[in-house]
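*Asks:* Mind looking at a prediction? Sequence and model below.
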Amino acid sequence: MLDIKFVRENPEIVKENIRKKFKEHKLALVDEVIRLDEEKRSAQTTANELRALRNKVSKEIGALMAQGKREEAEEKKKLVTAQAEELAALEAKETELGEALKNSMMKIPNIIDDSVPIGKDDSENVEVKQYGEQTSVDFEIPYHTDIMALFNGIDKESAGKVAGEGFYYLCGDIARLHSAVTAYARDFMIDKGFTYCIPPFMIRSNVVTGVMSFEEMDAMMYKIEGEDLYLIGTSEHSMIGRYIDTITNEEKLPLTLTSYSPCFRKEKGAHGIEERGIYRIHQFEKQEMIVICKPEESMEWFDKMWSYSVELFRSLDIPVRTLECCSGDLADLKVKSYDVEAWSPKQKKYFEVCSCSNLGDAQARRLGIKVKDVNGNKYFAHTLNNTVVAPPRMLIAFLENNLQFDGEKYSVRIPEALRPYMGGKEIIE
């Protein structure tokens, strides 16, 4: 959410930013918030004048009563009563206008960074760099769920009976591999100086609207019926919510956190090969990284965070590339975003496994996350998040890139970094 003062003073900049995001239907919001802001401030001014007048008249009543001028005092009291009714109406109007203003402000996109490429959708995202040679083998790689089935590692049929489409059972060495990857990612981030956390897996509606846009909420979140609770779609939501309405001393920044959680999403599915398997599912687990920092440090942290994902995937012998999201592919709260994509030797293309985002002060402004400097001045923090690993997609990338076939049987090579988490195993057969 932008600063209303910025919108008031720079309406054309805000409108141009909306055009860059190809969301012309939101242009009218800028004029609407300016109008609502003017009405709200006018109501506040009138209300303040009435309060000042009421205080003045109240003192006059006291003086008249002290002088024994009861009749004059009673007339003044009638004036105070009338003013009280008018003031109550104005205060109700202030509240109503404030809510309308906030709702409209929350729909206006954040100002994107100047470095973001302009494009309509994800088809115009820009490749930044590739890391590692694309895996190529002399045998046909099975589909990822078929690879898992070779090792008795997945049961989608039973999961469908128990929970429906979009769920699965992982078993045996494949389940162990899933846990190993998560544990390795946890320790990888701890070694980077991040503090490990396990957050609540449900959050209240005020946190939901604080961390994401209305459109994202409707598309992603599962609501708990009869409760003011939502299942989290990622632990970032719960982790950022931890700092709602807080003031942190500047010397304690940056806050660098890595969190584990299950994630729950209303995935709508995708096209082609990604409609099957475990690309898009309703429940999965994820290791996340979150940073809360000073505004002038957020771009430096942004570059560190996506580079950590690249380093982790390369340590597991998975080729990756970084892709910069264009303006039209950025969610409304994001200032800048990179995707880290892993190479799929089966599909002969890259696919998304991590998403690193700088949200500027948008989440902090919505949730009241402030920082106090050494002089006592307060300002809104910047927040960033990035996937460390989400094992469903990490498993796909891992299995495809580490699969071996000797002409008779398949096996999966375990990279050295992961072996301590697999009981010393060098291979799964």
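*Replies:* Here it is on my side, so go on. Residues are numbered from 1 along each chain as shown.

*Asks:* In terms of secondary structure, what does the strand or helix carrying residue 322 contact?
*Replies:* Per DSSP states H and E, residue 322 falls inside strand 320-324. Judged by 3 or more CB pairs under 8 Å, 6 or more residues apart in numbering; DSSP states H and E, the packing partners of strand 320-324 are strand 126-131, helix 298-315, strand 336-344, strand 349-358. For glycine as for every other residue, the C-beta is placed from the backbone atoms N, C-alpha and C.

*Asks:* mind running it again at 7 Å?
*Replies:* Strand 320-324 makes packing contacts with strand 126-131, helix 298-315, strand 336-344 when contacts are defined by 3 or more CB pairs under 7 Å, 6 or more residues apart in numbering; DSSP states H and E.

*Asks:* Specify the angle between that strand and strand 126-131 in degrees.
*Replies:* 160 degrees (axes from the mean of the first three to the mean of the last three CA atoms, to 10 degrees).

*Asks:* Residue 317 in helix, strand or coil?
*Replies:* coil (DSSP: H, G, I helix; E, B strand; the rest coil).

*Asks:* Can you check the pLDDT for it?
*Replies:* At residue 317, the pLDDT value in this model is 95.

*Asks:* which stretch of helix or strand covers the residue nearest to residue 141 when sequence neighbours are not counted?
*Replies:* Closest residue to residue 141 apart from its sequence neighbours, by CB to CB, 6 or more residues apart in numbering: residue 346 at 4.4 Å. Assigned by DSSP H and E, residue 346 belongs to no helix or strand.

*Asks:* so who does residue 346 touch?
*Replies:* 141, 143, 400 (CB atoms under 7 Å, 6 or more residues apart in numbering).

*Asks:* Then residue 294?
*Replies:* Going by CB under 7 Å, 6+ apart, residue 294 touches 250, 253, 371, 382.

*Asks:* Measure how buried the third one is and give me the count.
*Replies:* Burial of residue 371, expressed as a neighbour count using other CB atoms under 10 Å, amounts to 24.

*Asks:* Need the three-state assignment for it.
*Replies:* Residue 371 - assigned by three-state DSSP - is strand.

*Asks:* Go ahead and confirm it touches residue 246.
*Replies:* No. Counting by CB atoms under 7 Å, residue 371 does not reach residue 246; the two are 9.5 Å apart.

*Asks:* got the contact list for the residue lying closest to residue 412 once chain neighbours are set aside?
*Replies:* Nearest non-adjacent residue to residue 412, counting by CB to CB, 6+ apart: residue 428, 4.3 Å away. Shown in contact with residue 428 (CB under 7 Å, 6+ apart): 151, 173, 411, 412, 414.

*Asks:* Low-confidence bits of the chain, can you list those?
*Replies:* Applying pLDDT under 70 to the chain picks out residues 73-74, 268-276.

*Asks:* returning to what we had before: would you mind measuring from the residue nearest to residue 412 to residue 153?
*Replies:* Separation of residue 428 from residue 153 (CB to CB, to the nearest Å): 9 Å.

*Asks:* tell me, what's touching the two both at once?
*Replies:* With CB under 7 Å, 6+ apart, residue 428 and residue 153 have common neighbours residue 173.

*Asks:* Three-state assignment for residue 404, please.
*Replies:* Relying on three-state DSSP, one would call residue 404 strand.

*Asks:* ok, it - contacts?
*Replies:* Residue 404 neighbours (CB under 7 Å, 6+ apart): 410, 411, 413.

*Asks:* Residue 216 too?
*Replies:* Applying CB under 7 Å, 6+ apart to residue 216 gives the contacts residue 331.

*Asks:* And for the one 5 residues further on?
*Replies:* Contacts for residue 221 (CB under 7 Å, 6+ apart) come out as 208, 230, 231, 233.

*Asks:* Go again with 6 Å.
*Replies:* Going by CB atoms under 6 Å, 6 or more residues apart in numbering, residue 221 touches residue 230.

*Asks:* now it: how far from residue 242?
*Replies:* In this view, residue 221 and residue 242 are 18 Å apart by CB to CB.

*Asks:* And for residue 194?
*Replies:* Remark: distance between residue 194 and residue 242 (CB to CB) = 15 Å.

*Asks:* Just say helix, strand or coil for the residue sitting furthest away from the middle of the chain.
*Replies:* Ranked by distance from the centre of the chain (CA atoms, centre = their mean), the top residue is residue 68, with 66.0 Å. Of the three states, residue 68 takes coil under three-state DSSP.

*Asks:* Do a quick rundown of the helices in the stretch 1-150 of the chain.
*Replies:* Shown for the stretch 1-150 of the chain, the helices assigned by DSSP state H, counting those that start in this stretch span residues 4-9, 11-20, 27-66, 70-105, 144-150.

*Asks:* Run through the strands of the stretch 201-350 of the chain in chain order.
*Replies:* With DSSP state E, counting those that start in this stretch as the criterion, the stretch 201-350 of the chain has strands at 202-203, 222-223, 230-231, 246-249, 255-264, 283-293, 320-324, 336-344, 349-358.

*Asks:* for the ones you listed, which one sits closest to residue 115?
*Replies:* Across the strands of the stretch 201-350 of the chain, residue 115 has its closest neighbour in strand 336-344 (6.8 Å, CB to CB).

*Asks:* burial of residue 66, as a residue count?
*Replies:* Residue 66 has 9 neighbours, counted by other CB under 10 Å.

*Asks:* Can you tell me how far it is from residue 59?
*Replies:* According to CB to CB, residue 66 and residue 59 sit 11 Å apart.

*Asks:* Straight-line length of stretch 20-30, end to end?
*Replies:* Stretch 20-30 has an end-to-end distance of 15 Å (CA to CA, to the nearest Å).

*Asks:* Report the buried residues of that stretch.
*Replies:* Neighbour-count burial for stretch 20-30, counted by 16 or more other CB atoms under 10 Å, picks out 20, 21, 23, 26, 29, 30.

*Asks:* of all these, which two lie farthest apart?
*Replies:* 20 and 29 (15.2 Å).

*Asks:* quick one: the residue nearest to residue 141 from residue 399, how far?
*Replies:* Distance from residue 346 to residue 399, by CB to CB: 9 Å.

*Asks:* before we move on, what about residue 59?
*Replies:* Noted for residue 59: a distance of 80 Å to residue 399, by CB to CB.

*Asks:* Same question for residue 237.
*Replies:* Applying CB to CB to residue 237 and residue 399 gives a distance of 29 Å.

*Asks:* Neighbour count: the two, which is higher?
*Replies:* Comparing residue 237 with residue 399 by neighbour count (other CB under 10 Å), the higher total belongs to residue 237, at 28 against 24.

*Asks:* residues contacting the more buried one?
*Replies:* 203, 211.
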